[in-house]
Each structure stands twice: as structure tokens, then as C-alpha cells.
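Student: Return atomic coordinates for the entry below.
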Amino acid sequence: MTTYTSCLLLALIPFALYADEPETPDPLGNQLETIVVRAPAQIPASQHLTQAEMLDDARNLDAGHVAASIPGISSAGASIDAPEPSVRGLGWERVTTQVDFLPIYGSCPARMDPPTVYLTPESIDNLTVVKGLPSVTYGPGGTGGRVMARTVADPTLQALNGTSGHASATWNGGRDGYSARAGGKIGNGTVEAGINANAVNFDDYESGAGKTVPGENRSYGAGATLRWTPNESAGYWLSWNGHQIDHLDYPALPMDATDVDSNTMTFGSRHLANGETFQALEWQAGLARIDHTMNNEQKPNRGMMEAEAVTESRTFGGRLATEWAFSPDAEWIFGADGHYLTRDALRERFVVASGMTFYDPIWPDATQGQLGCFAERTARFSNEQQLRLGLRFDGVDSTIGKGDEALDAPLAAYGTVNDAYAYFYGENARDTDRTEFLVSGNALWEIPQTDQLQWFLGAGVVQRSASVTERYYSFAPAPGGYLVGNPDLDPETKLELDAGGAFFSDHFELNAQLFASHIWDYILETGIGQETIGGSLSQIRGFVNTDAVLAGGELEGTLLLGDHWSIPFSAAYVRGRDAAENENLPLIPPLNGDIGIRWEWDKSVYPWAEAVLRLAAKQDQTDPRYPETETPGYQVVDLRGGIHLPYGFSLEAGVENIFDQDYTEHLSRTAALAVGDLAAGEKIPMPGRFFYASIYWRM
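Tutor: Take a look at the predicted model:
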């Protein structure tokens, strides 16, 4: 506890020393706000999108869909409507998801609900996706990047004086259903209130080969924000977001989501000090509560076993940051943050033939608490170069409350939860309490060469503690066999090197980035053996530490052919290896990209149209230990177009996969059971040709 207290004092000591500085105009403004993407001054290895940019694409159901459009990010998931970002080959909880700097965690051990599904475009003000070298002020962990949503971009910005609103509805012919969203704000210049809502009603879809894939999705949500700006130097805000899933099909899992209830609340304030040295103070706090129920009511094994799992996730957290200018050419941020996570999950299995009921404590009442402190200095030079240096320290405590609970049949022979850990990983794994101290830091040098050319170099180290699932998943049935967590895992330590450049001219825009990283104690999910369980030989998967190496790059640009025509393009590649065993890492996306041609006219109804070719190479660099199989490459063409109408209306329509190609993404999971037209073990295909149309209104 002494270390945690010291972190808080580090953030507060400068405030105590300089709180009485005389008032002068604020030269720094909002230093926590990320610069908008696709401009010469963008922050390297990040993409920032405003709400308007996210709403501009009718296909963006949530932050997972938004992120998937960014080069270097692929999607994994057990359902088409729950995409989980994999950033430069690193996914799962290596990718930290945050709402106003509060980390949020899904409530399903099988990753039915990656937390990005709860971040819908109408419920947030902006979204920042960080691929590499994140600011240490963003929070702990994140060896695989970050998806960061802010409900209020700048709390000190004067409240809206008037009204604003938007609404849209989209018909998806491939899903025989619709999605809709709306939002609005009203204010008097001092107080501002906003509300938003969304709904999705989708059915199954057909692949390019004509196979029916379960994809039913009935979900909806709502949110509200309240902001008060009593003067130009202070702003207060409160935000709530709720999301409800009534049913969502997961063909890659033995159960479907039948009742999911998510509620997230964040609040805080920002104050500009108007001092020569002390510039600003921002604090915020929040909580997230996610309750999740899933069952196998619509699965083919229902006649033999009736299964239901009730899971929950709770997160509480807070953050304090202070901004300083000890000299005219340098800015400092000092602060502290922390959060406390609890996760519990219990699966009930009723065996019809015997009439007996068994229970699996999948997450055995697990808790994980983090407290950290950080300091970051950004220096600006006369030639407009910028150097950012940051350092943070974190303490992480992890424990479970049901380690002595006996495992139920057919695993009763393995004893208790703790006995199973020790059986697979040795006696050290029997001690499930873990306290770890982590260090992260990086340096980022941004170098404007000319008005048309800039480049950057960066290097950093980030550490991540094992997640609750990696450390504490109780020995229990899982897709492909059985899964067991490893309490004895060491934290990952990632060393990353980043370099890149951007070139802009009247006819050409290009961004290129290269990266390489070495991860000591990489937490690898892999097969750890086979066991005879219930009379059958079953695959056992678990988590082990190894060393990993990843390298690759991204390319994004636009060729401007004239006043109306352009050719946008992008490409991304990453290679991942298990350096300790000289094997491929699993779940690494192949070389992929897109190229299109776009026409737009800036007169009359502003019509536009584009054709985009999406491509992916064959992925044969697979890991049979996972186990993982090869995925063929694909080439898919999409057509889209739209017009603007009077009174703020616009129309958009498109045909996806116009040539009805049968394809699948490499990170897609395989069907756990025979569902729809899919056979057990078949990789889930993407939709075939379908039409969609959307109407959008903005006040």
C-alpha cells in the first residue's frame, strides 16, 4: 500500500507547490485531447475519429466495426456482430478498451462480448485507436494497443447554446433486418444535456456458397450526457451508457447470448488554472457493470444437456492528471490512475439422461486491482520538432475467492479449482494470490521535415499483467476441449520500435509505418496436453509464457486524379514468431489491404460513388499447437454511393461482396457444433452478396 500511496502523492506534490501561481492566459489548452487523424499533424501510430466521421459510415454498428477499417487492425470473434480488434497481430485483453480512461471488460469468458460492442458511435463524442507507443498518461497495459472512447471531448468547451441532433436507419438485405440510431443535445451556453438511442434487429445470413450462418441479433441501447460549464476555465460532466442484448447467435460457441445488460457511468471535471506554471487539472471516475447470461437453447446438443452460464463483470476506477509548463518550450503531465475489477462466472449443466446437474466456476470469484502513477514531458523545438518522454509505474493485485471449490463431474477426479491449477502447471500455481509491480515508458520523436514531409521515430517498453481469464479460468469445458488458466504467469514485457513518415502534396497523400517488437514472457494460449475425460480423449488448452517477436508495417494513402476522382488504398502486414520454440504465433492476420476508386461532386446534391476491392493473402503461417489451420486468400468488391438532400437528409446505398465470393477471415473461429448449414469444425464464413440502404438526418 505504501507504493500506491506514493503514486498518488507524486501526482499531487506539484499541485501543492504551485497552486498559488498568478493567473495568465492559458497557452496549452486541452493537452489530453488527441489531434484529429488524416492531417499532417496526426499523432503517429494512432487514428482519431470524431462522432461525425463514425456516423458517416452506416455499417459502423460499434467501435469494433470502426476499428476494423483501420490498416493494421483485423477482427476476431465468435459472431459477425461482435468483432474483436486485433492490433498488429495482438488481440484479446492486450487491446485495452476504455471509456473516458475507465478500462472496461466484457462479461463472458469465451469473449462473446469484447467491450468494443458497448461503444456505439452515437453514444460517444470521439474514438482514438492507438496501434503503437501510447502515451503513458492513457493508463496501464495495452501491449496490443488501445481503443479509447471519450463521451466528452473537452469538458471546458462552452456548453451548446441551442439544439443539435441526428438520426439514421439502415436496411440490411443480407440480414433481412435493420439498425437505427439517434441522438440530440440541447443547451443554454452553460448547461448542456444530451440523449441517444440505438437498436439492431438482424436475422441469419448466407455465405457466398449459399450456406446459412446463424446471426440473429436483437439488441438496443440508450445513453445520456450532462455537462456544466460555469465559466471558460471549468467544466463538469456526467455520462451514462446502457446496452441490452436480448439474443445474439454465436456459431463458434456451444451457447448463444440470451440476456446481456451493460451499464457504464463516468463523471469528472477539468479546470484551467491560468497560471504561468500550473496549467490545468482534470479528474474523473467511473464504474461499469455488465451482466451476461448465455445458454444452448438453440444448439443441437440441447436434447442431451441443458446448459446455462451466468457471468458478471464490475469495474470501478478513477484518474487524476495535472498539467504544467515549467518552461516555455516544454509541457508536463503528472498523474495517477487506478481501477478495481471483479469477475465471476458460473455455468450450470443439466444432463438429461441422468437427471443430474453440475456446476463449473469458470471465473472463480476473481478480482484484480491496479494503481499507477505517471509523468510525461513533451518538448517542442524551434524547428517544430517534438520529443515526448513518458514513464509510469503500476502495482497490480490479483486473487480469487473460490480456489477451494470442488470441480464437478466429469472433472471431479481433479479435485478443487486450485488442485487443477497445480496438476497442469506445478505446485507454484496453487498459490493464486499475485502482486506485481510493472514499469512502462517510451520516447517519441516527431520530425517535420517540410510542409509536405514529416516522419517520426519511437521506442518504448510496456508491461501487462495476465488477465483474469489467462490467470484464473477454472478447469472447465471450452470450445475444442477444455481450458485451464495459469496463476503462475509472469507479466508480458514488450519492447517496441516504431518509425514512419507522411507525405502530402496536391495530388498524393501517403502514410507509411514500420514496427518491430520483442515480447518477453508473451502469454501464449496453446495446447498443453490431452486427458481422458468422461471416457474420451480431450484436448487441453492453457496459457504459458514464452518469448515472441513481431514485425510488420502499414501503408495508407490517396492518389488524387483531379477535382472529382481519387484512388484510396491501404495495406498491412505482420509476422509473428514464438522465438523460444521457433514456431509461428497463432491468430496472426495475413497480408491484407484494399484499393478503390472514388468519384464525388461538390455541387447540387453532393453525389458520390466508390468501388473498393478488399484483398487478403493466404495465411499458411499457422500454429498447429493452438490448434490453427490455413485460410485461403480472397478478393471481394464492394460498391457504395450516396447523395445529400434538403433539410439535412442524405441517402446511402451499396452492394457488399458484389461477385458473391465465398470467403472467411483468418481470425474467424470455427463452428463449435453443427449449426445452420455449418459443420462442426468449419471456419465461419463471411456474408455473400447483399444490398443495404440508409437514410441519415442531421440538424
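
Student: so where do the helices sit in the stretch 451-600 of the chain?
Tutor: 468-472 (DSSP state H, counting those that start in this stretch).

Student: residue ranges with poor pLDDT in it?
Tutor: Filtered on pLDDT under 70, the stretch 451-600 of the chain yields no residues whatsoever.

Student: ok, residues contacting stretch 291-305?
Tutor: Stretch 291-305 is contacted by residues 106-108, 112-113, 214, 249-250, 253-262, 306-313, 349-353, 673-675 when judged by C-beta atoms under 8 Å, 6 or more residues apart in numbering. Placement of C-beta: from N, CA and C, glycine included.

Student: 7 Å instead?
Tutor: Stretch 291-305 is touched from outside by 107-108, 112-113, 254-261, 307-312, 349-352, 673-675, with contacts defined as C-beta atoms under 7 Å, 6 or more residues apart in numbering.

Student: where along this protein do the helices fall?
Tutor: Counting by DSSP state H, the chain has helices at residues 2-18, 51-55, 63-68, 417-425, 468-472.

Student: any idea which of those helices scores lowest on pLDDT?
Tutor: Least confident of the helices of the chain, judged by mean pLDDT, is helix 2-18 with a mean of 37.

Student: where in this structure is pLDDT low?
Tutor: For the chain (pLDDT under 70), the answer is 1-43.

Student: Is it correct that Thr622 is in contact with Thr631?
Tutor: No: the criterion here is C-beta atoms under 7 Å, and Thr622 misses it with Thr631 at 8.2 Å.

Student: how long is stretch 52-61 from one end to the other?
Tutor: Using C-alpha to C-alpha, to the nearest Å, one end of stretch 52-61 lies 14 Å from the other.

Student: what about the strands in the stretch 51-200 of the chain?
Tutor: 73-76, 84-87, 96-99, 102-103, 126-130, 146-150, 161-172, 177-188, 191-202 (DSSP state E, counting those that start in this stretch).

Student: So which of those is the most surrounded?
Tutor: Of all the strands of the stretch 51-200 of the chain, strand 84-87 has the most neighbours on average by mean count of other C-beta atoms under 10 Å, namely a mean of 27.

Student: List the contacts of that one.
Tutor: For strand 84-87, using C-beta under 7 Å, 6+ apart, the contacting residues are 64, 67, 72-77, 91, 95, 111, 114, 116, 131, 144-145, 147, 587, 589, 667.

Student: Buried ones among those residues?
Tutor: 64, 67, 72-77, 91, 95, 111, 114, 116, 131, 144-145, 147, 587, 589, 667 (16 or more other C-beta atoms under 10 Å).

Student: For stretch 387-402, what is the distance to the chain centroid?
Tutor: Stretch 387-402 has its average C-alpha position 19 Å from the chain's average C-alpha position, going by C-alpha atoms, centre = their mean, to the nearest Å.

Student: same check, this time on stretch 655-667
Tutor: 24 Å.

Student: cool, stretch 442-461 as well?
Tutor: That offset, for stretch 442-461, works out to 25 Å (C-alpha atoms, centre = their mean).

Student: and if you look at stretch 651-670?
Tutor: For stretch 651-670, the distance to the chain centre is 22 Å (C-alpha atoms, centre = their mean).

Student: Contacts only, for Ser566.
Tutor: Here Ser566 is in contact with Thr558, Leu559, Leu560, Arg598 (C-beta under 7 Å, 6+ apart).

Student: For Glu93, see how far away Glu610 is.
Tutor: Between Glu610 and Glu93 the distance is 35 Å, computed by C-beta to C-beta, to the nearest Å.

Student: More neighbours: which of those two?
Tutor: Glu93 (25 against 17; other C-beta atoms under 10 Å).

Student: Now do the nearest residue to that one once chain neighbours are set aside: how many residues are near it, please.
Tutor: Take Glu93 and drop its neighbours on the chain: the residue closest to it by C-beta to C-beta, 6 or more residues apart in numbering is Ser467, 4.2 Å away. Neighbour count of Ser467, defined by other C-beta under 10 Å: 23.

Student: Can you give me the distance of Ser467 to Tyr626?
Tutor: 18 Å.

Student: just checking, the residue nearest to Glu93 touches Gly91?
Tutor: No: counting by C-beta under 7 Å, Gly91 is not a contact partner of Ser467; they are 11.7 Å apart.

Student: ok, back up a step: minimum distance to Val549: which of the strands of the stretch 51-200 of the chain has it?
Tutor: Val549 lies closest, by C-beta to C-beta, to one member of the strands of the stretch 51-200 of the chain: strand 84-87, at 16.4 Å.

Student: Please state the offset of that closest one from the chain centre?
Tutor: Using C-alpha atoms, centre = their mean, the offset of strand 84-87 from its chain centre is 6 Å.

Student: which among the contacts of stretch 291-305 end up buried?
Tutor: For those, a burial check counting by 16+ other C-beta under 10 Å picks out 107-108, 112-113, 254-258, 260, 307-312, 349, 673, 675.

Student: Just the ones of those residues in strands?
Tutor: Counting by DSSP state E, the buried ones among the contacts of stretch 291-305 place Asp256, Ala257, Thr258, Val260, Ala307, Glu308, Ala309, Val310, Thr311, Glu312, Arg349 in strands.

Student: Pretty sure the second one sits against Asp246.
Tutor: No: counting by C-beta under 7 Å, no contact exists between Ala257 and Asp246, whose distance comes to 8.9 Å.

Student: for Glu512, what are its contacts?
Tutor: No Glu there; residue 512 is Ala. Here Ala512 is in contact with Gly500, Gly501, Gly553, Leu555 (C-beta under 7 Å, 6+ apart).

Student: Chain neighbours aside, what residue packs nearest to it?
Tutor: Leu555 (5.2 Å).

Student: From Gln621, how far out is that neighbour?
Tutor: From Leu555 to Gln621 the distance is 20 Å (C-beta to C-beta).

Student: now Pro646
Tutor: From Pro646 to Gln621 the distance is 53 Å (C-beta to C-beta).

Student: Between these two, which is the more surrounded one?
Tutor: Taking other C-beta under 10 Å, Pro646 and Gln621 do not tie; Gln621 has more neighbours (16 against 6).

Student: Verify the contact between Leu61 and Arg181 for me.
Tutor: No: between Leu61 and Arg181 there is no contact under C-beta under 7 Å: 9.1 Å.

Student: Around the residue nearest to Ala512, count how many other residues there are.
Tutor: That count, for Leu555 with other C-beta under 10 Å as the rule, works out to 18.

Student: The one 5 residues further on now?
Tutor: Residue neighbour count, defined by other C-beta under 10 Å, stands at 15 for Leu560.

Student: For it, which residues count as its bridge partners?
Tutor: Note on Leu560: beta-bridge partners by DSSP bridges are Ser566.

Student: Could I get the contacting residues of it?
Tutor: Contacts of Leu560 by C-beta under 7 Å, 6+ apart are His507, Phe508, Ser566.

Student: hmm, 10 Å instead?
Tutor: Ser505, Asp506, His507, Phe508, Glu509, Ser566, Ile567, Pro568 (C-beta atoms under 10 Å, 6 or more residues apart in numbering).

Student: roughly how far apart are the third one and Asp594?
Tutor: Going back to what we said before, that points to His507. 20 Å.

Student: quick one: which of those two has more around it?
Tutor: Remark: of His507 and Asp594, Asp594 carries more neighbours, 19 against 10, as counted by other C-beta under 10 Å.

Student: Distance check, the more buried one against Thr212.
Tutor: Per C-beta to C-beta, Asp594 is found 28 Å from Thr212.

Student: for Thr229, same thing?
Tutor: 53 Å.

Student: The two: which is more packed in?
Tutor: Each of Thr229 and Thr212 has its neighbours counted (other C-beta under 10 Å); Thr229 has more, 23 against 14.

Student: who's in contact with the more buried one?
Tutor: Per C-beta under 10 Å, 6+ apart, neighbours of Thr229: 154-160, 187, 189-192, 235-237, 270.

Student: If anything else comes up later, I'll come back, but that's it for now.
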